Every structure is written in structure tokens, then in C-alpha cells.
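J.: need the 3D shape of this:
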Amino acid sequence: MALILILTLVLSALAAAGTVYYLATLTQQVQYVLLADGRRQERSLPLLLRAVLPLTSMTPKLLLAGPWKSAAERLDRRILSAGFDGLLNGRELMLCQLWLGGIGLVFGLLLGRGVHPVGVLLAVALFAYPRIWLKGALGERHRSIQRGLPYVLDLLTLCVEAGLDFMSALAKIVERRKMDPLGEELMRVFHAIKLGRTRRQALREMRDRVGLADLTVVINALTQADELGVSLGAILRIQADQLRTKRFQRAETLANQAPTKLLLPLVFIFIAAFIILLGPVLLQVFQRLM
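T.: Numbering: from 1, shown residues only. Below is the predicted model:
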């Protein structure tokens, strides 16, 4: 029995050391996405996803066949919108969910020595983590595009009204703009038009790829202006003004919601201050009564 116990401890220590070494190696790895002009930009997946991603290649393909195919395709579109295409696909994300949920369940069983609420919560949390991460990454990218869109429309308006055509104006913006999410999408549009897409097709592909409501409104207005022969500069100026008004309205809405959101933390702060200030006095009173 002692020998079995020693072997178990040694194997457990080796497994723990191997896991730590593997995770430390992953933290030093750098991942890149390929931009439209062929350049690489650093963009890494979370550590947990990178840790279990190699396991997805060993999973049978039949596991997510049939009805799961449409769900994987929807995830593909969301991953593309979040800017992680080439690093991950929908099927791999779903398999990462299964692997993380299974690992969490095993750890929960080992720590709780059986079915325990903590183990179940750990498994559920790890299973939901990839979707939560994807939702957060997509929201962050959308907010970045939303912030930069009015400025880009202003620059396009100035360039077009100065006499440049749409491609020349777009080329100047892409050349001088930093590589943020909106800059990446504009570069894709620019190179798509250079490769033979019409302006209307490239803009619609950008609309479908990003999936942002404000950008959809702008692109629909631009395509309608292209079809009807309306002045592009006037449409750009109107859309920039509307987006700026929407941004101010969102800021006012958030400012109006701030007192309500601060109410609950303030309640806890007042309760804690009450306990700190009157706790010793109440304790002495209870001791005298006892």
C-alpha cells in the first residue's frame, strides 16, 4: 500500500509539473492574424482555449455532425465578426466547450470526492467560458468600430468634397489610420475593390462580416446613394452627424443610469461602515446583557 501511495504521489506531482510547464509554454507563444494586405498582427486566444485547442483535433468529427453544423456555422460568423478568423472556428469552439466542461467536472469530482455543488458549478463555468469570452471579444470590437466610425466618415467627407474619388479617399485613410478594428475592416474593403469587387459588393461584405447596426445603416445609405446617383459627400456628412448624435444620446443614457447602478454598492458601503463604527458598542451591550 505504501508503494502504491508513493507511486500515486509521484505520478500526481509529474502530472502537475507537466501541466504547469505546458501552460507556461503557452503563455510565451504569440499568435497572429493575417490582415488583408498580407501583414500579420498579434492577436491571441485566451490561455484556457489555447490549452484545450490541440485536443479538438483528436475529437471524432461525428461528435458535432448533423444538427450541430448550423450552430457551428453561426459561431463561425461570430468569430469572424470578433476578428479571430484563422485562429479558431465554430466547431473548435464548441469542442473546447465540451473539453473544458469535462475537465471541470473531473476536477470537481476529485476535489469533492463525488458529486458536489462546487464541482458542478466549476464544470458549468468552464463550459460557458468560451461563449462568454466570444461575446466579450465581439462586444469590444463593436464598441471600437462604433467609436471610430464618425471620425472616419468625417475624413471621408472631407476627402470626397475636396475632389477625391471614394477609392483614393479610402486609400489615404487606410494608409494613415492605425490598425484598430475599423482600420482592419476598411483595409479589407480597399483590397476587395482592388481585386475586382465593386464598391457595393465590398461594402455589403463588410456589413455582413461586422454585423454592427450603426455600420449597417451607413453602408445601406452609401449603397442606396450609389444606386440613385446621390452626392456621396452629402450622404457621408449626414451619416456622420447622425452617428455623433447617437453617441451623445448613448452617453446621456449611461450618465442617467449611473445613480441607479451606484445605489447597490453604496448600500453595502453604508452597512459596512455601520458595522465598523457601531460594532464594538453593540458587542459591549450584548456582553453586559448576557
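J.: and the strands in the stretch 1-150 of the chain, which stretches?
T.: 32-34, 40-42 (DSSP state E, counting those that start in this stretch).
J.: out of those strands, nearest to residue 266?
T.: Go through these one by one with CB to CB and the one that ends up closest to residue 266 is strand 40-42, at 40.8 Å. Placement of C-beta: from N, CA and C, glycine included.
J.: tell me the strands beside the closest one, with direction?
T.: Strand 40-42 has the following sheet partners, assigned by DSSP bridges: strand 32-34 (antiparallel).
J.: mind listing what's buried in the partner strand?
T.: Under the neighbour-count criterion of 16 or more other CB atoms under 10 Å, strand 32-34 has residue 33 buried.
J.: tell me the pLDDT at residue 78?
T.: Turning to residue 78, the model gives it a pLDDT of 94.
J.: and for the one 4 residues further on?
T.: Per-residue confidence for residue 82 comes out at a pLDDT of 92.
J.: could you list the alpha-carbon positions for stretch 126-137 in CSV?
T.: Taking Å, rounded to 0.1, in the frame of the first residue of the first chain, the C-alpha atoms of stretch 126-137 are listed here in CSV:
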residue,chain,number,x,y,z
LEU,A,126,-15.7,26.2,-17.7
PHE,A,127,-18.3,25.0,-20.2
ALA,A,128,-19.8,28.5,-20.6
TYR,A,129,-16.4,30.3,-20.6
PRO,A,130,-15.7,30.1,-24.4
ARG,A,131,-19.1,31.6,-25.3
ILE,A,132,-18.7,34.3,-22.6
TRP,A,133,-15.2,35.2,-24.0
LEU,A,134,-16.5,35.3,-27.6
LYS,A,135,-19.4,37.6,-26.6
GLY,A,136,-17.0,39.9,-24.7
ALA,A,137,-14.5,40.0,-27.6
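J.: can you list the residues that contact that stretch?
T.: For stretch 126-137, contacts defined as CB atoms under 8 Å, 6 or more residues apart in numbering pick out 46, 48-49, 75, 78-79, 82-84, 93, 96-98, 100-101, 103-104.
J.: quick one, which of these are buried?
T.: Taking 16+ other CB under 10 Å as the criterion, what is buried in the contacts of stretch 126-137 is 48-49, 75, 78-79, 82-84, 93, 96-98, 100-101, 103-104.
J.: follow-up on the earlier one: could the strands of the stretch 1-150 of the chain go into JSON lines alongside distance to residue 145 and mean pLDDT?
T.: Rendered in JSON lines, the data for the strands of the stretch 1-150 of the chain read as follows (distance: least, CB to CB, whole Å; pLDDT from 0 to 100):
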{"stretch": "strand 32-34", "distance to residue 145": "16", "mean pLDDT": "74"}
{"stretch": "strand 40-42", "distance to residue 145": "16", "mean pLDDT": "78"}
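J.: ok, which of these comes nearest residue 245?
T.: Each of the strands of the stretch 1-150 of the chain has some distance to residue 245 by CB to CB; the shortest is strand 40-42, at 32.4 Å.
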